[in-house]
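J.: How does the following fold in three dimensions:
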Amino acid sequence: MNDSLGQLKQFSVIVADTGDFGSMRKYQPRDATTNPSLLLKAAEMPEYTGLIKQVLGETKKEAASPEEAPALGMDKLAVAFGIEILKIVSHRVSTEVDARLSFNKEASVAKARSLIARYEKAGISRERILIKVASTWEGICAARELKKDGIHCNLTLLFSFAQAVACAEAGVQLISPFVGRILDWHKKFTGRDSYPPAEDPGVLSVTRIYNYYKKYGYATEVMGASFRNTGEITELAGSDLLTISPALLEELQKSTAPVTRKLIPERAAEACQEAKISLDEKAFRWALNEDQMATEKLSDGIRVFASDCVKLEKAIRQKLAAL
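T.: Numbers count the residues shown, from 1 in each chain. The predicted structure follows:
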């Protein structure tokens, strides 16, 4: 417990931001998150050859046509990885809806339901799954609808206070504010090489959201994500959850630097001076548009995840052809 990771686990739930089973066994996180980028990386690792071959063999039999096979294979692969991850972590895995559906509420809802159906067919309770959707207005509305079915969502690619407020009002289970990507934008925009952890724009964004949620009694969980350094992580000690890459988990495990709790529910009301606000679609879109960083990073993030979906489908198509 003397290492920094052990200390951090006293204040926040630690989540593994990886598709690598070995890393999960090593660091013993409670939950794990995946996305198309992580699945694409894992699909090229030799240790998963057997699992991928099995999944794609089933895909070939099930697909109604060769054209449908890659998309089906991607869904089956995401669920297969999720099932394996749930053999390692004790609680939940996040499985992502195709980023190309980020502006299509109905298609996002349908995809989420089909992913949950696959998990349940394999004997996995929907309580152990978080469906990841982008924090667009359509994604937030999809999460609100899915909640009625008892399907819990992880709203990803979250960069702004407006997105966080809309998610809380929709009653979503969990949000993933992207700390490191916020820092990336500010470094590029200002020309600064670095920020002290306590002044890091991503850290300040998550701190603001956390205090607002706790002050006004929102149940939505805050999971800091996309970290660039351990300073960002330890500055958010006390966030409900923190999803961390294997490289930074390793760094924290090797460190013995003391970790003190920074985010404390009982101090949120004092720390948050903001009035409670409510956002309809028009107000949400305007607030997001007024936030240059969030607009750019949300758009960029969706493009990157969508691009990795295309690459993953291409890899699946090639592997199917080789079977």
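
J.: Show me where the stretch 1-150 of the chain has its strands.
T.: Counting by DSSP state E, counting those that start in this stretch, the segments of the stretch 1-150 of the chain that form strands are 13-17, 31-33, 93-96, 129-134.

J.: Confidence-wise, which of the ones you listed is weakest overall?
T.: Mean pLDDT values for the strands of the stretch 1-150 of the chain show the minimum at strand 31-33, a mean of 89.

J.: Pull the residues that contact that one.
T.: Contacting residues not belonging to strand 31-33 are listed as 13, 15-18, 24, 85, 88-89, 91-94, 130, 132, 154, 176, 225, 241, 243 [Cβ atoms under 8 Å, 6 or more residues apart in numbering]. The C-beta positions use only the backbone N, C-alpha and C, and glycine is treated the same way.

J.: just the buried members of these?
T.: Buried by 16 or more other Cβ atoms under 10 Å: 13, 15-18, 24, 85, 88-89, 92-94, 130, 132, 154, 176, 225, 241, 243, out of the contacts of strand 31-33.

J.: By average pLDDT, which secondary structure element in the chain comes out worst?
T.: When each helix and strand of the chain is scored by mean pLDDT, DSSP states H and E, helix 36-43 comes last, with a mean of 79.

J.: So which elements touch it?
T.: helix 69-86, helix 292-322 (3 or more Cβ pairs under 8 Å, 6 or more residues apart in numbering; DSSP states H and E).

J.: To Asp3, which of the ones you listed lies closest?
T.: Set against Asp3 and scored by Cβ to Cβ, these come closest in helix 69-86, at 23.7 Å.

J.: What is the neighbour count of Ala117?
T.: 12 (other Cβ atoms under 10 Å).

J.: who touches it in this structure?
T.: By Cβ under 8 Å, 6+ apart, the contact list for Ala117 is empty.

J.: quick one: it and Leu77, what's the gap?
T.: If you measure Ala117 against Leu77 using Cβ to Cβ, to the nearest Å, the figure is 16 Å.

J.: Please enumerate the strands of the stretch 151-300 of the chain.
T.: In the stretch 151-300 of the chain, the segments counted as strands under DSSP E, counting those that start in this stretch are 152-158, 174-177, 221-224, 241-244.

J.: Give the other helices and strands that the third one contacts.
T.: Judged by 3+ Cβ pairs under 8 Å, 6+ apart, the packing partners of strand 221-224 are strand 174-177, helix 201-215, strand 241-244.

J.: switch the cut-off to 6 Å
T.: strand 174-177, strand 241-244 (3 or more Cβ pairs under 6 Å, 6 or more residues apart in numbering; DSSP states H and E).

J.: which regions of the chain sit below the pLDDT cut-off?
T.: 1 (pLDDT under 70).

J.: try 50
T.: Residues of the chain meeting the criterion pLDDT under 50: none.

J.: ok so, going back, please identify the buried residues of the least confident helix or strand of the chain?
T.: Judged by neighbour count (16+ other Cβ under 10 Å), helix 36-43 contains these buried residues: 36-40, 42-43.

J.: residues in contact with it?
T.: If you take Cβ atoms under 6 Å, 6 or more residues apart in numbering as the criterion, helix 36-43 is touched by 19, 48, 305, 308-309, 311-312, 315.

J.: now, the most widely separated pair of the residues you listed?
T.: Taking Cβ to Cβ as the measure, the contacts of helix 36-43 span a maximum distance of 20.3 Å, between Tyr48 and Phe305.

J.: For Gln163, which of the strands of the stretch 1-150 of the chain is the nearest?
T.: strand 129-134 (9.6 Å).

J.: so what secondary structure elements neighbour the closest one?
T.: Taking 3+ Cβ pairs under 6 Å, 6+ apart as the contact cut, strand 129-134 packs with strand 93-96, helix 105-121, strand 152-158.

J.: ok, it: who's next to it in the sheet?
T.: Applying DSSP bridges, strand 129-134 is found paired with strand 93-96 (parallel), strand 152-158 (parallel).

J.: Neighbours of the residue lying closest to Ala168 once chain neighbours are set aside, how many?
T.: Spatial nearest neighbour of Ala168, chain neighbours left out: Tyr218 (4.1 Å); criterion: Cβ to Cβ, 6 or more residues apart in numbering. Applying other Cβ under 10 Å, we find 20 residues neighbouring Tyr218.

J.: Quick check: Tyr218 touching Glu169?
T.: No - contact criterion Cβ atoms under 6 Å: Tyr218 and Glu169 do not qualify, at 8.3 Å.

J.: OK, contacts around Ile316?
T.: 70, 73 are the contacts of Ile316 under Cβ under 6 Å, 6+ apart.

J.: how close does it get to Ile83?
T.: 18 Å.

J.: picking that back up, among the helices and strands packed on helix 36-43, show me which one is buried the most.
T.: helix 69-86 (a mean of 21; mean count of other Cβ atoms under 10 Å).
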